[in-house]
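>>> What would the 3D arrangement of this be:
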Amino acid sequence: LSLFNSGPYIKKSLTALFFKWGEYILVFFISQDTLTNPKRIRNCLAIILSMAFVLGVDAIFQRFSGVDFLRHKKMIALYGETIPRAITASFTHYNSFGAYLVFVISLLLALLVSVKRKILKLTLFLLMILLQVCLMLTFSRGSWIGFLAALIFMLFLSPRINKLINMFVIFILVLLFMPGIRER
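Below you'll find the model as predicted:
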């Protein structure tokens, strides 16, 4: 629908449509073709969660040192401020990092609800705490709203609603009572 309203930017819109969306469609079909058995899915999840752990540690390191250790990116000053506050890890912008975190935290929530082994559940829970701290420190309101939307969506789909309600309440309380986050 945006093509009809793009006016002089029709070429740019068509390029974005076929190449950007085409890229996502291609990744979907590759994933669908590759992830055919439980072992491959488990390996893929382990890689995604390991990368998320490294990025979370990188973001916390960036918060304290001002520069991340992977790509030496500096924190970004929020709009109207001169002091850099928003962490980006190795991403170019805090909104990009926040969007990535929303995806990974949603995946972690789904895994936490379904996993039975205690040690794995504890590991996933600790990773989720790390990533949620990073999500808060991005100061990305769009990512916060995206996470709340994912939580609400999961509340309707999950048979284990108690754990998700607890997560929802904790997230809202942190948003309301942390001074820097409340200002945002």
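>>> so how far is residue 24 from the residue most central in space within the chain?
With distances taken as Cα atoms, centre = their mean, the residue of the chain nearest its centroid is residue 101 (1.5 Å). Distance of residue 101 to residue 24, computed by Cβ to Cβ, to the nearest Å: 19 Å. (Each C-beta comes from the backbone N, C-alpha and C, glycine too.)
>>> try residue 15
Distance of residue 15 to residue 24, computed by Cβ to Cβ: 14 Å.
>>> Counting neighbours, go ahead and name the busier of those two.
The neighbour comparison of residue 15 against residue 24 (other Cβ atoms under 10 Å) goes to residue 15, with 11 against 8.
>>> So which residues make contact with the helix or strand containing the more buried one?
Here residue 15, judged by DSSP states H and E, is contained in helix 10-15. Identification of contacts with helix 10-15 by Cβ atoms under 8 Å, 6 or more residues apart in numbering yields 2, 3, 6.
>>> cool, stretch 73-86 as well?
For stretch 73-86, using Cβ under 8 Å, 6+ apart, the contacting residues are 62-63, 66-67, 87-94, 137-140, 180, 184.
>>> From start to finish, how long is that stretch in a straight line?
12 Å (Cα to Cα, to the nearest Å).
>>> If you count neighbours, what's buried in it?
73, 75, 76, 78, 85, 86 (16 or more other Cβ atoms under 10 Å).
>>> hang on, the fifth one in a strand?
So that's residue 85. Yes - per DSSP: H, G, I helix; E, B strand; the rest coil, residue 85 lies within a strand segment.
>>> re the thing from before, how near is the residue nearest to the centre of the chain to residue 91?
10 Å.
>>> In a markdown table: the buried residues of stretch 73-86, plus pLDDT.
A markdown table is the format used below for the buried residues of stretch 73-86 (pLDDT from 0 to 100):
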| residue | pLDDT |
| --- | --- |
| 73 | 89 |
| 75 | 87 |
| 76 | 84 |
| 78 | 77 |
| 85 | 80 |
| 86 | 88 |
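>>> Kindly indicate which of those lies nearest residue 131.
residue 86 (15.7 Å; Cβ to Cβ).
>>> May I have the beta-bridge partners of the closest one?
Beta bridges link residue 86 to residue 76, judged by DSSP bridges.
>>> For the protein, spot the helix or strand the model is least confident about on average.
Here the helix or strand of the chain ranked lowest by mean pLDDT, DSSP states H and E is helix 179-183, holding a mean of 64.
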